[in-house]
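# model this:
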Amino acid sequence: MPSAIILASGSPFRRQLLENAGLKFTVVRPEIDERAVEAPLEASGATPEDVAQVLAEAKALDVSERHPGALVIGSDQTLSLGDRVFHKPKDMEGAREHLLALSGNTHQLNSAVAIVKDGETLWRHVDVAQMTMRKLEPAFIGRHLASVGAKALGSVGAYQIEGEGIQLFEKVVGDHFTIVGLPLLALLSKLRELGAIDG
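Numbers count the residues shown, from 1 in each chain. Have a look, this model is predicted:
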């Protein structure tokens, strides 16, 4: 009998991706301080891809400790522009600053996923998307944020590509699922390989 599958994430987007794919799973929010995990990584010069991977694994390991026998999926996403790593904006002013910084530039979304069972990491993967934002006028940024409201605070880039955020871009190179926050095709392939889903 296949192991139970747990998604170690509070993200409604990741949950929706797995539901849409027809997976049977439960959701358990990890209890980790992401900034505390991140701080020594950034100090050591870890890449944004590395940071996403460590956070994805930390989330899965945390939930795995409380759910023996389950396959636990952890995921995280970082956004990087050059050397700068972005975090979810704390307020609308932070969202405005994010969009001003990203305007006219190509940033990178690094989506990581890990599968853990009984405290052992069975698999880890990072996928990257390149996102080119068009040059945005400050007045347009204000109108855009007024339109989307608090949703802007729910992602690292202050936008949702699956919603009005698509209007901010002139070019996107990468997998749609990776951009939304989970490298779904690679994950489904690994779950089939592990015998966790029918394949």
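# among the helices and strands of this structure, which has the poorest mean pLDDT?
helix 34-43 (a mean of 85; mean pLDDT, DSSP states H and E).
# buried set for whichever helix or strand comes after that helix?
Sequence order places helix 48-66 as the next helix or strand after helix 34-43, per DSSP states H and E. Residues of helix 48-66 classed as buried: 48-64 (neighbour count, 16 or more other Cβ atoms under 10 Å). Just so you know, the C-beta spots here come from the backbone N, C-alpha and C atoms, and that holds for glycine as well.
# what's in contact with helix 48-66?
With contacts defined as Cβ atoms under 8 Å, 6 or more residues apart in numbering, helix 48-66 is touched by 6, 8-9, 28, 30-32, 34, 37-38, 41-42, 46, 70, 72-80, 85, 108, 110-119, 121, 124, 126, 128.
# generate a PyMOL selection restricted to the buried subset of the residues you listed.
To isolate the buried subset of the contacts of helix 48-66 in PyMOL, counting by 16+ other Cβ under 10 Å, use the following:
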select buried, resi 6+8+9+28+30+32+37+38+41+46+70+72+73+74+75+76+77+78+79+80+85+108+110+111+112+113+114+115+116+117+121+124+126+128
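# for the strand ranked longest in the chain, name the packing helices and strands.
Longest strand of the chain, by residue count under DSSP state E: strand 120-133. When contacts are defined as 3 or more Cβ pairs under 8 Å, 6 or more residues apart in numbering; DSSP states H and E, strand 120-133 sits against helix 48-66, strand 106-117, strand 169-173, helix 176-180, helix 184-193.
# just the buried positions in the third one, please.
For strand 169-173, the neighbour count (16+ other Cβ under 10 Å) marks residue 172 as buried.
# quick one, it and strand 106-117 angle?
Using axes from the mean of the first three to the mean of the last three Cα atoms, to 10 degrees, the inter-axis angle of strand 169-173 relative to strand 106-117 is 40 degrees.
# could you list the paired strands of strand 169-173 along with their orientation?
Its sheet considered, strand 169-173 pairs with strand 120-133 (antiparallel) by DSSP bridges.
# got the buried residues for the helix or strand just after the strand it pairs with?
Following strand 120-133 in sequence order, the next helix or strand is helix 138-148 (DSSP H and E). Within helix 138-148, the residues that qualify as buried are 141, 144, 145, 148, counting by 16+ other Cβ under 10 Å.
# what is the burial count for the residue lying closest to residue 198 once chain neighbours are set aside?
Once flanking residues are discounted, residue 198 sits nearest to residue 192: 7.7 Å by Cβ to Cβ, 6 or more residues apart in numbering. Residue 192 sits with 12 neighbouring residues when counted by other Cβ atoms under 10 Å.
# which residues are in contact with stretch 26-38?
If you take Cβ under 8 Å, 6+ apart as the criterion, stretch 26-38 is touched by 4-10, 15, 51, 54-55, 58-60, 62-63, 66-67, 72, 74, 76, 87.
# and it, end to end?
Length of stretch 26-38, first residue to last, Cα to Cα, to the nearest Å: 26 Å.
# tell me which residue is most central in the chain.
What sits nearest the mean C-alpha location of the chain, by Cα atoms, centre = their mean, is residue 77, with 3.0 Å.
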